[in-house]
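Asker: here you go, sequence then predicted model.
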Amino acid sequence: MWPRIGGLRTLALGTPGQMRTNLNTLVLAGVKTATAALLTEYAEEGEELEHVGERLVLVDDADALAGVVEITGVEVVRFADVPWDFARAEGEGDRSIEEWRAGHAAFWARVGTPVTDDTEIACLRFRLVSAGDGGVATGDLST
């Protein structure tokens, strides 16, 4: 199971280090409003797919709260069918869907999970609810 903070599941983007820092910065700036995950990771971790309205704690490398996001959309599609509007919402600077696919395929291959056109991808859209640890001091992650 994935870690929880204040009863909420965590969202750890990318890999620890500069990649996670960059991705978190994009979320906190409102540029990144989507992320992609391999559907197989959910089964391996014994987790259910996120649902619209669910709030997640965005974490940094120390698994500390960096912000809270709320899921606004969930769709499972084949890797080859991820739409450009979703890829653009990831906010990572890709200039085309082909560039997005090449970058994501390379990332997943580096972390040991190569993808094919038929690999199922969880496409998650979200909105930033709060940044920083404002809710943690009071124990309230709902705002």
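Answerer: Cool, the structure landed.

Asker: okay, which residue is most central for this protein?
Answerer: Residue closest to the average C-alpha location in the chain (CA atoms, centre = their mean): residue 35, at 3.9 Å.

Asker: note down every partner strand of the strand or helix carrying it and its orientation.
Answerer: Assigned by DSSP states H and E, residue 35 belongs to strand 34-38. Using DSSP bridges, the strands paired with strand 34-38 are strand 120-131 (antiparallel).

Asker: what sits up against the strand it pairs with?
Answerer: 27-28, 30, 33-40, 42, 49-50, 55-56, 66-79, 82, 86, 89, 115, 143 (CB atoms under 8 Å, 6 or more residues apart in numbering). Yep, even glycine has a C-beta here, placed from its N, CA and C like the rest.

Asker: the lengthiest strand in the chain packs against which elements?
Answerer: Ranked by number of residues, the top strand in the chain under DSSP state E is strand 65-78. With contacts taken as 3 or more CB pairs under 8 Å, 6 or more residues apart in numbering; DSSP states H and E, strand 65-78 sits against helix 18-28, strand 55-59, strand 120-131.

Asker: now the angle from the shortest one to helix 18-28?
Answerer: Using axes from the mean of the first three to the mean of the last three CA atoms, to 10 degrees, one finds that strand 55-59 and helix 18-28 are set 140 degrees apart in direction.

Asker: any buried residues in strand 55-59, and which?
Answerer: Buried residues in strand 55-59, counting neighbours by 16 or more other CB atoms under 10 Å, are found at 55-59.

Asker: can you check the last one too?
Answerer: Residues 121-126, 128-131 are the ones in strand 120-131 that count as buried (16+ other CB under 10 Å).

Asker: one step back: just checking, the residue nearest to the centre of the chain touches residue 90?
Answerer: Yes: look at residue 35 against residue 90 with CB atoms under 8 Å: they come within range, at 6.4 Å.

Asker: pLDDT-wise, which helix or strand of this protein ranks last?
Answerer: strand 4-5 (a mean of 91; mean pLDDT, DSSP states H and E).
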